[in-house]
Each structure stands twice: as C-alpha cells, then as structure tokens.
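Student: Need coordinates for the below:
(chains A and B)
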Protein chains: 2
Amino acid sequence: MTRTPALALNDTLNLVPFVSVDHMMKLVHAIGLERFLTELADYIEEDFRRWELFDKTPRVASHSAEGVIELMPTSDGAAYGFKYVNGHPKNSREGRQTVTAFGVLADVATGYPLMLSEMTMLTALRTAAVSAVAAKHLAPKGARVMAIIGNGAQCEFQALAFKAVCGIDTVRLHDIDPAATAKSARNLAGSGLRVVRCSTPQAAIEGAQIITTCTADKQYATILTDNMVGAGVHINAIGGDCPGKTELHRDILLRSDIFVEYPPQTRIEGEIQQLDPRHPVAELWQVIAGKVAGRKGAAQITLFDSVGFATEDFSALRYVRDQLAATGHYADLDLLADPDDPRDLYGMLMRAA
Amino acid sequence: MTRTPALALNDTLNLVPFVSVDHMMKLVHAIGLERFLTELADYIEEDFRRWELFDKTPRVASHSAEGVIELMPTSDGAAYGFKYVNGHPKNSREGRQTVTAFGVLADVATGYPLMLSEMTMLTALRTAAVSAVAAKHLAPKGARVMAIIGNGAQCEFQALAFKAVCGIDTVRLHDIDPAATAKSARNLAGSGLRVVRCSTPQAAIEGAQIITTCTADKQYATILTDNMVGAGVHINAIGGDCPGKTELHRDILLRSDIFVEYPPQTRIEGEIQQLDPRHPVAELWQVIAGKVAGRKGAAQITLFDSVGFATEDFSALRYVRDQLAATGHYADLDLLADPDDPRDLYGMLMRAA
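Tutor: Next up, the predicted model:
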C-alpha cells in the first residue's frame, strides 16, 4: 500500500491507462474476489484514517424528471479523483442499469489523468467493502450471521465482503421478489457461505447479529419496523441513499447510535433525513481513527447509515491503479494532446494532415 | 444541426464512442479546419441563443500549490456535458501541456454517456470559435485586420476562426518571444491570411479593427495600456482567465462596453476582476438573442472579456458527436457494465471467470 500515486505507467505523456468493464472483471479474477474486497477494504480504511487531509465537497448533481447525473470529486493533495454516476430508476424497465459509473484518478502535481476506469462494477465492490469496514468497527464481536433484505445487484457483494472482512459464515436472504432471492442464493452457492432463503423479513433477521438493508427504488419504505430490531444488532443500511428514499422506521433510528460518512450529505440523502437536523451522529472516520468509540456494549444498536462518498471512490480508484502494473489489465487511451512544443498545438494538428 | 442528441451510435449498451486526440485531428481534416470552425461557431451561437434553457453552475475547482483541476458541467435538459480541465503553468517547463482536457456528453433521459472525447484540441478550437462568434456581433462592420498579441497555442486557431467566421484577411502578430511569432507565422503561411510580424504591441495594433490578446502565465500583466487603444476597435481578451491573471490596463475597461459569458464566473476570473463588482456588463447571449444591442456606433470600444464557459464545451461536444456517424472517427469503449439482468451484476462478474 502506498500513499504516493503519482508515477505514470508509461513514458508516453498522451496515453492514459483505461480499465474497461472487461478489464475490471479480469482484474477481480486475477486477484480473487475475496482478496480484492479485503485489500480494497484496507485502502478504504486507510483513507478514512486520514480523512482530514481530503478536500471534501458535496456531490455536484444535475437533476431531471427521469433521474440524476452526479460528479463526485475529492483530493488528498497528491491525487485527485472523481466519479461520474447516474441514477435513473426507470432504466431497469428498459434493460439498462439504474446506476452506471466511471471515474478518473489524476496527479495533483501536473493535472494529468493517471487512469480512467469503469466504476459500475467497482462501485458495487467498494460499497460492499465500505459496509464491511464499518461493521468491523461497529458490529458485535463474533458476529457470524447476517440478514440481507433486498437481494438485488448489491446483495452478493455484501455477502462476500462480510465473509472476507468480518468472518460472517451465514447469510439469511429475503426479497419481496422470490426470484431475486433465488438468484442470489444460486450465485452464492459454492462461496463457502451458508445461505438461508427466508420468506419474510422477520424470518431473515432471526438470529442475525448484522442486518443489511439494500432494497432499491422505494419511496419512504419501511423495510424494518421498530419491533423487528432487537438489542445488540448492527444495522447496515445502504438502500436509502437519496432524498425521499429511506428503508427504516424512524423509531429504529431513535434507538440506535448512528454512524455516517459525511454528515452534510447524509442529512439530505440518508435514513437520518427523517430526523431533526441536529440529531447527534458520529462520523465513521472518527471511529476508525480512534477518536470516537464504536460499539460500547452488547445491548447497543449500531446503525451505519451509508449513502456513499467521494473518498470511497477515490480509495477504490487508488487500489485499482496500484494493481495495473502487475496485472496488465488495462489499455492505453490516446486521451491527451502532447505536442513536441506545448505552444505549437496548431502545428501538431497540421502535421497530422 | 439538431437539438436532440440522444440516440446511441450503436446498439450495444456497454459501448461508448471515444474520440482520441488522433481521431479529433482526423475529424478536423476530414471536415476541413475552416468549415469545422464555422460549423462549430454555428452550434455555439445556437446554444447561446437558448442560454436560458441551460443548467448553469460555476465550475467545481480543486486548487493546489501547483495548479487547478476543474469540472465544468452543464445541461440543456436533453443532453448533459462536462469537461475535465487542468491548469498547471509549470507544466510547460517539464514538457507537458499547461492545460489538458477531456469531456463527456451524456443522455439526460438515461444518464448513459453518449461520447467521451479528448478536449485539449477541441477546447483550442471552441475558444477560437467563441471569440469569432462574439466578434461577429461586436466588431466594426467590414473589419479585415486583426492584431494578435500572444502567439502561443491559441494564436493560429484565433486567426483561422476569424478568417472563416468574420472575414478577417490580415493578422498582425506580436509576442515577447520572437520565436513564438515565427512559429505562428510559419504555421499560417499558406492559410490565405496576410501575416505581418510585429516587434512591438504598438506596431501590431496599427490599423487593426480587432485586437486579440491571448498571452499566458502572466500575473496582472498589462499587455495593452490605455493610450494604445483607439476609438472603434473590438478587443477580444482571452488570456486573462483566472484570479490574479489579467492582460488589460484598468483604464481600457472603463472606456469599453464590456461583454461577458457568465457574470458570476467572469467577475472572479476575467479582466473585470479589476473593477467594482457592480460595474455594468452585458452578457454575450443577450446580444446573440437580440435582447441587448451589440455595437452601437463607429467610435465605441467593445470588449469581449472571455474566460470560457461550460455551455461552450457542451456545444463543442454536441458538434463533434453529430459528426461521428458520418466520419467514423471514433472507437467504441467498453465503459459500462451491462448485465443481461440488471439485478445480476455479480452473476455477470462470475460468468466472466
């Protein structure tokens, strides 16, 4: 692991390494999914630990009737990263992804891009790794059973990240669509996890020390009601991630100690949009950096109200870039004009005729 | 020319057309540089005319000791575009470009990118086209002679755009570095323009109806002093484009009618950073849309205080994309994950093993 992401992978200034979807999948398999998630979690944790270094701004959103397109930039002073991500709920009805993403890592010292990467797959991986990092610090010690309510695109990534990072050995799956649960159960067969299909949310959370909610496309849904949540659990709430979209009953929030990524963003997008804007929350980075206590006792309900943040994408881009030289899973893109004389861009154009 | 930029160039949802530097140069030569600049100017003018439709935000800047990295997003409701651009003055001493850029055009309805393009070359082209559009509306009728002070990377593009769009037939070049003037004169030989090398700024502006200043890397420089500027000229000031960087003496500004792209940005970055923030300026789009008078008389000094704006990059991306199907100068990038079942991203990853 390194904190100096600067040197180019090639000597040709016009070329920028590009990680396609196909490259990303090859990279994951070359490293192994669980090792990839574990190492990615380490990068994420490292960057949370140096949180105060980062240039943090709320995402820059362009809203339309159909959805939103966002740019999420951040910088640690040595590298700069941003992610382009859209959210269009109706896309899935037209055979498109609800969320697609790509991102760029750049060198702060020169402004030159260091890597362009697909981030639809990478965001799924980093979201699961972030959840696992939070649970490592907040879930009850010795937790082995996780309920996953919502068995969509994020479900299996969550299951594998919690297995690799937190030692979970059993997942209890529920979705309002049994076909989604069947899909996830099928995908997780042979993963080493014990997979239990559950027909109700109540059944799913039975015996679980960790409850992950990752449903989609819901408006102020109540996936968990107050009486379903017993003392001592850790709730990993990742499906409520924009204004008007929540998963948990407000009363659960009031009984929980709440941990968030970046309060100015989570107040607007997270479960805590249901609460008074002054309701106390702790920041995950403070727990990781040892500035704030995580889990304090066996009866405490901890809640990670996760909406995703730019630094996590930065960590993911940084991790992927550090794997490129050894694995070779990238292609060079002719993205930057590089005239022999920087003042002679026109001459470069004319000589190309 | 079309205002509906949505349909994909291919049926494969994961692929995004990519215009490399090499593709961009081939595209310019396939169309012809002057025709490219003229058609690009038409797109820019069309978008200025519907200015009020655009979602406009100031650029999102990440500053460091060495320079700045910026994201410039905008949308007309049908398409969304953003440009990544850096500014690192010290880069040229290390054989790198001071400014490099790339951009993305996306479909607002789905959030899917429609094109990724190099924009170092394209920004040089659009900057020149924007200047020519402004001069078309602001310069004295029948102007044939333009002085260009600063003969760096932008110089020849300015000369050709003003020839193609405004009918300029003579350029009078000056730079503090005679080698830069010689480079520009050499590049413009055979362009059909009469090129006059001038050893002083005073000599350059002699007989010129249009004065373009495009110097670089200057801190509060005074390229033009008040006594150098006679009545009736149009000044096209494009080199002062960030806080602390200006080219014109303040007294020239006070004698001129000033036209800008987007006042909230120009007040910070343009020549008018030297003036009281309440000093009256007109917006270029208002002139183009016929809402505000441009040139009112033969003695008036008009000043286009240009810093570049996101809508101009949007116009440029839109123009380039409209040329791709006919010219084929692009490659398909595997940028977007496209699983058969949008809920089964994990299954797609596993099947790639």
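Student: who touches residue A:221 in this structure?
Tutor: Residue A:221 makes contacts with A:215, A:245, A:246, A:247, as judged by C-beta atoms under 8 Å, 6 or more residues apart in numbering or on different chains. (C-beta placed from N, C-alpha, C; glycine too.)
Student: From chain B, how far off is the residue nearest to the first one when sequence neighbours are not counted?
Tutor: Spelled out, it's residue A:215. Residue nearest to residue A:215 in three dimensions, not counting chain neighbours: residue A:150, with 3.5 Å by C-beta to C-beta, 6 or more residues apart in numbering or on different chains. Per C-beta to the nearest C-beta, to the nearest Å, residue A:150 is found 10 Å from chain B.
Student: unless I'm mixing things up, residue A:150 is touching residue A:181, no?
Tutor: No - using C-beta atoms under 8 Å, residue A:150 makes no contact with residue A:181, being 9.8 Å away.
Student: Counting neighbours, go ahead and name the busier of the two.
Tutor: residue A:150 (28 against 22; other C-beta atoms under 10 Å in any protein chain shown).
Student: Roughly how far does the more buried one sit from residue A:174?
Tutor: For residue A:150, the distance to residue A:174 (C-beta to C-beta, to the nearest Å) stands at 8 Å.
Student: what's across from the closest residue to residue A:280 other than its chain neighbours in the sheet?
Tutor: Once flanking residues are discounted, residue A:280 sits nearest to residue A:258: 7.8 Å by C-beta to C-beta, 6+ apart. When bridges are called by DSSP bridges, residue A:258 pairs up with residue A:303.
Student: Repeat that for residue A:60.
Tutor: Bridge pairing for residue A:60 - DSSP bridges - gives residue A:71.
Student: Which pLDDT value belongs to it?
Tutor: For residue A:60, the model assigns a pLDDT of 90.
Student: Against chain B, how distant is residue A:170?
Tutor: 18 Å.
Student: next one: phi and psi at the residue nearest to residue A:215?
Tutor: Note on residue A:150: backbone dihedrals following degrees, to the nearest 10 are phi 110, psi 100.
Student: and it, what does it touch?
Tutor: Contacts of residue A:150 by C-beta under 8 Å, 6+ apart are A:175, A:212, A:213, A:214, A:215, A:216, A:223, A:239.
Student: So what's the residue count around the third one?
Tutor: By that I understand residue A:213. 23.
Student: One more: the fourth one?
Tutor: When neighbours are counted by other C-beta under 10 Å, residue A:214 registers 27.
Student: Distance-wise, check it relative to residue A:303.
Tutor: Distance of residue A:214 to residue A:303, computed by C-beta to C-beta: 14 Å.
Student: Ok, the third one next?
Tutor: Distance, residue A:213 to residue A:303, using C-beta to C-beta: 10 Å.
Student: Identify the contacts common to those two.
Tutor: A:235, A:237, A:248.
Student: per-residue pLDDT, residue A:225?
Tutor: pLDDT, read off for residue A:225, is 84.
Student: go on, residue A:163?
Tutor: With respect to pLDDT, residue A:163 has a value of 98.
Student: For it, which non-adjacent residue is closest in space?
Tutor: Looking at residue A:163 with C-beta to C-beta, 6+ apart, the closest residue is residue A:193, at 5.6 Å.
Student: Surely that neighbour and residue A:172 touch.
Tutor: No - using C-beta under 8 Å as the test, residue A:193 is too far from residue A:172 to be in contact (10.5 Å).
Student: More neighbours: which of those two?
Tutor: Neighbour count, other C-beta under 10 Å: between residue A:193 and residue A:172, residue A:172 has more, with 22 against 19.
Student: helices or strands up against the helix or strand containing that one?
Tutor: Using DSSP states H and E, residue A:172 falls within strand A:170-174. Packing partners of strand A:170-174 (3 or more C-beta pairs under 8 Å, 6 or more residues apart in numbering or on different chains; DSSP states H and E): strand A:145-149, helix A:155-166, helix A:178-188, strand A:194-197, helix A:201-205.
Student: Sheet-wise, list the partners of the first one with their directions.
Tutor: With DSSP bridges as the criterion, the sheet partners recorded for strand A:145-149 are strand A:170-174 (parallel), strand A:210-213 (parallel).
Student: CSV please, covering those and showing mean pLDDT and distance to residue B:254.
Tutor: What follows is the strands paired with strand A:145-149, written out as CSV (pLDDT from 0 to 100; distance: least, C-beta to C-beta, whole Å):
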stretch, mean pLDDT, distance to residue B:254
strand A:170-174, 98, 71
strand A:210-213, 97, 63
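Student: and the end-to-end length of stretch A:57-74?
Tutor: Stretch A:57-74 has an end-to-end distance of 7 Å (criterion: C-alpha to C-alpha, to the nearest Å).
Student: now it, how far from the centre of its chain.
Tutor: Its chain's C-alpha centre and that of stretch A:57-74 lie 16 Å apart, by C-alpha atoms, centre = their mean, to the nearest Å.
Student: quick one on the thing from earlier: and the residue nearest to residue A:280, how far is that from chain B?
Tutor: In terms of C-beta to the nearest C-beta, residue A:258 sits 28 Å off from chain B.
Student: Which pLDDT value goes with that residue?
Tutor: pLDDT, read off for residue A:258, is 98.
Student: Can you give me every residue that contacts it?
Tutor: Applying C-beta under 8 Å, 6+ apart, the residues near residue A:258 are A:271, A:272, A:279, A:280, A:281, A:282, A:303, A:305.
Student: and the angle from the strand holding residue A:172 to helix A:178-188?
Tutor: 160 degrees (axes from the mean of the first three to the mean of the last three C-alpha atoms, to 10 degrees).
Student: Distance from the chain centre to strand A:170-174, please.
Tutor: The chain centre lies 20 Å from the centre of strand A:170-174; the measure is C-alpha atoms, centre = their mean.
Student: Also stretch A:318-328?
Tutor: In terms of C-alpha atoms, centre = their mean, the centre of stretch A:318-328 is found 19 Å from the chain centre.
Student: Show me what counts as buried in that stretch.
Tutor: Residues of stretch A:318-328 classed as buried by neighbour count (16 or more other C-beta atoms under 10 Å in any protein chain shown): A:318, A:319, A:320, A:321, A:323, A:324.
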